[in-house]
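> Would you be able to build a 3D model of this:
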Amino acid sequence: MHMADEGDVLTDLNNPAAGANGADNQPSAGVISQYIKDLSVENPSAPQCYQWNEQPQLDVQVNIAADKIAEDVHEVTLKVTCSAKTSQGTLYLIDLDYCGLMGMRNLPDEQTHAFLFAEAPRILFPFARRVIADASRDAGFPPLMLDPMDFGALYQQQLAARAQEQQQGAAATPPAGEA
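Modelled structure (predicted):
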């Protein structure tokens, strides 16, 4: 039996991800951490609004952004804006930037984009949903329970819409050259 001496190169033969030089060449992605970056809760009509009986109109907007922080780390921001209004005025406005630091290594560009704009928001959404529910409850209203969202389907719709726009743009552009 040979014991490894200092300077010996060991390769884990049971780990197919480990290359001959011990490098991890397999694609990987995951959550490093998640956090509230910004949260604003406004209750501009208090205390009068607690006497209103009209059913509010809810408006929920969700946007996704991704910023490269380091070589293998991106910050994904799930921006959720919720407002509840009646004909008498605004009950509440909640603005949330819920973020996750995502680590990715050895992913092709198209998989990186899909992870950042479909999978990462899917992972973050339940936590952002809880923050929104708590914020609306803490403002004195019933908890706002956002419906689940299919970020994968939304991502595919965005890709299809972009492809269609590019096709239409290419068809509208006259060919270059001399007549």
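> Number of residues surrounding Y98?
Counted with other Cβ atoms under 10 Å, the neighbours of Y98 add up to 24. No exception for glycine: its C-beta is placed from N, CA and C like everyone else's.
> tell me the mean pLDDT for the lengthiest strand in the chain?
Longest strand in the chain, counting residues (DSSP state E): strand 89-105. Averaging pLDDT along strand 89-105 yields 96.
> roughly how far is it from the heart of the chain?
Distance of strand 89-105 from its chain centroid, counting by Cα atoms, centre = their mean, to the nearest Å, is 9 Å.
> hey, C-alpha coordinates of that strand in CSV?
This file holds the C-alpha atoms of strand 89-105, laid out as CSV (Å, rounded to 0.1, in the frame of the first residue of the first chain):
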residue,chain,number,x,y,z
GLY,A,89,-57.5,55.6,-2.8
THR,A,90,-54.4,53.4,-2.4
LEU,A,91,-54.5,50.8,0.4
TYR,A,92,-50.9,49.8,0.1
LEU,A,93,-47.8,49.6,-2.2
ILE,A,94,-45.1,47.0,-1.6
ASP,A,95,-41.8,47.2,-3.5
LEU,A,96,-39.5,44.2,-3.0
ASP,A,97,-36.0,43.5,-4.5
TYR,A,98,-35.3,39.9,-3.4
CYS,A,99,-31.9,38.7,-4.5
GLY,A,100,-29.9,35.5,-4.7
LEU,A,101,-26.2,35.0,-5.3
MET,A,102,-25.9,32.2,-7.8
GLY,A,103,-22.8,30.3,-8.4
MET,A,104,-22.2,28.7,-11.8
ARG,A,105,-19.3,26.9,-13.3
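> Show me what that strand is packed against.
When contacts are defined as 3 or more Cβ pairs under 8 Å, 6 or more residues apart in numbering; DSSP states H and E, strand 89-105 sits against strand 28-42, strand 73-86, helix 120-138.
> and the shortest one, what other elements does it pack with?
In this structure, strand 73-86 packs against strand 57-70, strand 89-105, helix 120-138, with contacts taken as 3+ Cβ pairs under 8 Å, 6+ apart.
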